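S.K.: how would this look folded up:
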Amino acid sequence: MQAIQLALCLHVLAGVFWAGSTMALAAIPNASRRFFAAQMAAALLVVCAGTYLWHTLHEGAWGAAERMLAAGAVSAVVAMLLQGVFIGTAIGKAARSDGQQALLGARIRNTHRVAAALLAIAATAMAAARFAQ
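M.R.: As a prediction, this is how the structure comes out:
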């Protein structure tokens, strides 16, 4: 039982950091570079811990709770892919080019906004799944 508790704590704490920093960075220009590696590490930890929890607690079941959790998981994975691809690419381009800073900054902010909405869906789905019948 202790492994489940540890996985749940890691899943929740990393998820809170990931979602919170994404929501903050959606409003703060030019700060993404400092948080990108930490966000992607937290995202990976969330997905790995969530996968472990799914296989330990929900494998073989497909009720209302599992459908909600699956919707939340898909939202989180899409957010992670968007951030990894679009923000990672934009940060790499920004390091090589000074002429496109405003365009790349807007691209990063917009990606954070979409990812923040997806992570809000994920958090809501996972909280609601606890009470699903």
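
S.K.: ranges for the helices of this structure?
M.R.: 2-25, 32-57, 64-82, 88-96, 101-129 (DSSP state H).

S.K.: reformat those as CSV; add mean neighbour count and mean pLDDT.
M.R.: To be clear about C-beta, it is placed using only N, CA and C from the backbone, and glycine gets the same treatment. Output for these, formatted as CSV (neighbours: other C-beta atoms under 10 Å; pLDDT from 0 to 100):
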stretch, mean neighbour count, mean pLDDT
helix 2-25, 17, 95
helix 32-57, 17, 94
helix 64-82, 18, 97
helix 88-96, 14, 78
helix 101-129, 18, 92
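
S.K.: got a list of what V47 touches?
M.R.: Contacts for V47 (C-beta atoms under 8 Å, 6 or more residues apart in numbering) come out as 73, 76-77, 80.

S.K.: can we see that at 7 Å?
M.R.: By C-beta atoms under 7 Å, 6 or more residues apart in numbering, the residues touching V47 are 76-77, 80.

S.K.: which of those lies closest to A116?
M.R.: Nearest to A116 among the contacts of V47: A76, at 11.8 Å, using C-beta to C-beta.

S.K.: residues touching that closest one, list them.
M.R.: Contacts of A76 by C-beta under 7 Å, 6+ apart are 46-47, 119, 122.

S.K.: show me which pair in these is furthest apart.
M.R.: V47 and L119 (12.2 Å).

S.K.: switch the contacts of A76 over to TSV; also include distance to R113.
M.R.: TSV is the format used below for the contacts of A76 (distance: C-beta to C-beta, whole Å):
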residue	distance to R113
V46	19
V47	21
L119	11
A122	15
